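Asks: Could you work out the structure for the sequence below:
(4 chains)
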There are 2 protein chains.
Amino acid sequence: MEKEVTIYDIARLLKLSPATVSRALKDHPAISAGTKRLITAAAEEMGYRSNTFASNLRRQRSNTIGVIVPRLDSAFMSTVLAGMEKIVNEGNYNLIISQSLESVRKEKANVKTMFDSRIDGLLVSLSSDTDDLSHFQPFFQKEIPVILFDRVLPHPNCTSIVIDNVRAGYDAAVHLVRQGRKRMMHVSGSQKRNVYEERLRGFRQALAEHGLADDLVLVGNLTRQDGLDAARYIRQLPQPPDGLFVASDFCAASCIGALKEAGFAIPNDIAVVGFNDDPVAQVVEPRLTTIRYPGQEMGEIAAQSLISHLSGQPPVTAANTIVLNHELIVRGSSTP
Amino acid sequence: MEKEVTIYDIARLLKLSPATVSRALKDHPAISAGTKRLITAAAEEMGYRSNTFASNLRRQRSNTIGVIVPRLDSAFMSTVLAGMEKIVNEGNYNLIISQSLESVRKEKANVKTMFDSRIDGLLVSLSSDTDDLSHFQPFFQKEIPVILFDRVLPHPNCTSIVIDNVRAGYDAAVHLVRQGRKRMMHVSGSQKRNVYEERLRGFRQALAEHGLADDLVLVGNLTRQDGLDAARYIRQLPQPPDGLFVASDFCAASCIGALKEAGFAIPNDIAVVGFNDDPVAQVVEPRLTTIRYPGQEMGEIAAQSLISHLSGQPPVTAANTIVLNHELIVRGSSTP
DNA sequence: CTCATTCATGCAACCGATTGCATTTTGCTT
DNA sequence: AAGCAAAATGCAATCGGTTGCATGAATGAG
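Replies: The predicted model follows:
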């Protein structure tokens, strides 16, 4: 392994000081254009690469942003990450990504790792059983910005980026009502998580406004198995629902499959609405009515506001919560 | 922002030298047990966190492993990543992940970024239009290990981790033959990529052995749209296939949907086999026969061999290619 | 032609952990 | 009590880039 080229090597070759070389490479205004050209040319020529560690050590920042998500393997998350990556690259930051796998324990470990690697800021979507933000305390103490997205918890030190889940749940329910459905059911996720609790709340609110019962609510993990279980549950009901709102497309899809096997016609017997506009929504039969969620945009906005926070004025964060728009997409699973 | 605690602070407090503190925290054998206890206690107490940058700078290594994948949003990739993360954590390394989005251009940029952040090793699954490994030259020159997985290209400096795709394609075809199918079709991906080229090769080989024609082959990107296009293509064939092998579950699923709409019965008119055992395989109707791919295991093995390479003897890598087992999972899409 | 500015560059002290070698301390042995 | 090996600790240089301040050079005004 040959030795690395350093600014000292460049300086020696060009009979300049390391300080000048450093400044030139950083495009510092005090360096003349000619010298800059010389230096960048030499650097290129010699195969110089800046030593991030030395730089980070001296500047006391890492130019790295951490992301913690519940799982990487959701279509939604990957669009969010794509959005983040785009913005973060443009701003010359790096990303380190980790997944909590829906466990607070792992989330805490991730937070600690992130803290120890001295990231400049953190973007988090909470695990399903996270109760409070106490494990982020070290970040708050050091005034390292933490931005929550999608699955959030209110906190004075955190900006949250969300959609209006209450409204989305409301929209889903109203859509079913407009299809003439009377007996509604909802399959939801952990009620500790704002997203699920709020969707349920909106759902109930809409039903109440239309004088409909809201007693059919199942809470689970929104997995494939939960979809099957929901179908089995429906099957043994004396009076099964005719409208079903599931807080996740994948779960909705597996539920639809089981319902069809059990002899229910979709949408005639039961109209179904999912959530997220996951690719699976277009593959399942009939195609799934769902709520489109602006993942890429959410990622971009989260990253953007973190970076502007980092480079600019903390007081900019007048907005403690940013709400994005969602959209109901109507497909065959809820209309003839 | 209060100042950070350093080993100097600990040393001063305990009237020891920074060297001793550093060694104690690293559990160096030359430090007495008592002193170690004192030091770790003090470190804990004072809220010390090691400065990775200083350490990396001094030790000339980052303890970080880079991963480049075509896309994050596939169920398969996320199981691979989960496997990697597990191993890498245990070995006290960090991960940085980036996606090439199936473009060589982006892949090259990612490689450069990885190189500049001085990762200790690289794990890569190639983008669909990568022709050669020339952009990895800097890594080869510096003898930084590069391990390819899943989508590989042969190279003397790289270990590859793969499944036997020829055999998998062969297995899929033989399975269809055993179901009594005579007219086979295959939907594949970029033939630049070993995985797709090899599956096709195995498929053809099996057909040849059974004296069947192999003229029905479609090459695309294995997207949803490609699935729909394949169905449209089949529909206008004078003599449509009765056996279909698609090199990706998601694409197979969308194709099945379109075929059913076009009036084909699955599996009676056309028996379908997918690839990967993606979750969607269990949601589509009928459930999809497919090839299970040991993603988690592949991630673990890739990470494992990289780490052992890093900490041990490079000659250990006598194996230039590691082949994992796959498995045909038979479900309703190919059998009555 | 002189003196005051502006512009460009250099000096040197960091940032915090690591490690080869030197030195001290400890524990035994005789 | 002296001698000595082994065990424990300290010294000081090093990794490479950054930045406040000082210095030297060039430019312009009077």
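Asks: quick one: contacts for the residue in the stretch 201-336 of chain A that DNA strand D sits nearest to?
Replies: Of all residues in the stretch 201-336 of chain A, A:Ser311 sits closest to DNA strand D, at 13.4 Å by C-beta to the nearest atom of the strand. The C-beta positions use only the backbone N, C-alpha and C, and glycine is treated the same way. By C-beta atoms under 8 Å, 6 or more residues apart in numbering or on different chains, the residues touching A:Ser311 are A:Gly91.
Asks: hmm, try it at 10 Å
Replies: A:Gly91, A:Asp120 (C-beta atoms under 10 Å, 6 or more residues apart in numbering or on different chains).
Asks: Check the gap between it and A:Gly91 for me.
Replies: A:Ser311 sits at a distance of 8 Å from A:Gly91 (criterion: C-beta to C-beta, to the nearest Å).
Asks: Over to A:Gly295?
Replies: Taking C-beta to C-beta, one finds A:Gly295 at 20 Å from A:Gly91.
Asks: residues near A:Asp131, how many?
Replies: 9 (other C-beta atoms under 10 Å in any protein chain shown).
Asks: Would you confirm that it contacts A:Lys192?
Replies: Yes: with contact defined as C-beta atoms under 10 Å, A:Asp131 reaches A:Lys192; the gap is 6.4 Å.
Asks: Which one's more surrounded, A:Gly295 and A:Gly91?
Replies: Legend: neighbour count by other C-beta under 10 Å for A:Gly295 and A:Gly91, higher for A:Gly295 (24 against 16).
Asks: Contacts only, for the more buried one.
Replies: A:74-83, A:149-150, A:276-277, A:324, B:73.
Asks: what residues does chain A put near DNA strand D?
Replies: A:3-4, A:6-8, A:18-19, A:22-23, A:25-26, A:48, A:50-51, A:54-55, A:57-59 (C-beta under 7 Å from any atom of the strand).
Asks: Of the residues you listed, which belong to helices?
Replies: Assignment to helices by DSSP state H places the following of those there: A:Ile7, A:Tyr8, A:Pro18, A:Ala19, A:Ser22, A:Arg23, A:Leu25, A:Ala54, A:Ser55, A:Leu57, A:Arg58, A:Arg59.
Asks: How about the one helix or strand A:Ala230 maps to and chain B, any contact?
Replies: Secondary structure assigned from DSSP states H and E places A:Ala230 in helix A:224-235. Yes: applying C-beta under 10 Å from any C-beta of the partner chain, one finds helix A:224-235 in contact with chain B at A:Arg224, A:Gly227, A:Leu228.
Asks: buried sites along that helix?
Replies: Residues of helix A:224-235 classed as buried under the neighbour-count rule (16 or more other C-beta atoms under 10 Å in any protein chain shown) are A:Arg224, A:Asp226, A:Gly227, A:Leu228, A:Asp229, A:Ala230, A:Ala231, A:Ile234.
Asks: show me what contacts the fifth one?
Replies: Under the criterion of C-beta under 10 Å, 6+ apart, the contact list for A:Asp229 reads A:Val187, A:Leu218, A:Gly220, A:Thr223, A:Cys251, A:Ser254, A:Cys255, A:Ala258.
Asks: distance of it from A:Lys260?
Replies: 16 Å.
Asks: just the buried residues of helix A:224-235 now: which is nearest chain B?
Replies: Nearest to chain B among the buried residues of helix A:224-235: A:Arg224, at 6.2 Å, using C-beta to the nearest C-beta.
Asks: per-residue confidence at the closest one?
Replies: Listed pLDDT for A:Arg224 reads 93.
Asks: wait, isn't it in contact with B:Gln282?
Replies: Yes: A:Arg224 is within contact range of B:Gln282, at 6.2 Å (criterion: C-beta under 10 Å).
Asks: Please identify every residue contacting each of these two.
Replies: Common contacts of A:Arg224 and B:Gln282 (C-beta under 10 Å, 6+ apart): A:Ala253, A:Ser254, A:Gly257.
Asks: Also near chain B: which of these, exactly?
Replies: A:Ala253, A:Ser254, A:Gly257.
Asks: residues in contact with the first one?
Replies: It refers to A:Ala253. By C-beta under 10 Å, 6+ apart, the neighbours of A:Ala253 are A:224, A:227, A:246, A:272, A:274, A:278, A:280-281, A:283-285, A:288, A:333, B:279-280, B:282-285.
Asks: same thing with the second one?
Replies: Contacts here follow C-beta under 10 Å, 6+ apart; on that basis A:Ser254 touches A:222-231, A:246, A:248, A:280, A:284, B:279, B:282-283.
Asks: did I read that right, it in a helix?
Replies: Yes: under DSSP: H, G, I helix; E, B strand; the rest coil, A:Ser254 sits within a helix.
Asks: Roughly how far does it sit from DNA strand C?
Replies: Distance from A:Ser254 to DNA strand C, counting by C-beta to the nearest atom of the strand, to the nearest Å: 49 Å.
Asks: Any figure for the gap between that residue and A:Ala75?
Replies: With C-beta to C-beta as the criterion, A:Ser254 and A:Ala75 are 15 Å apart.
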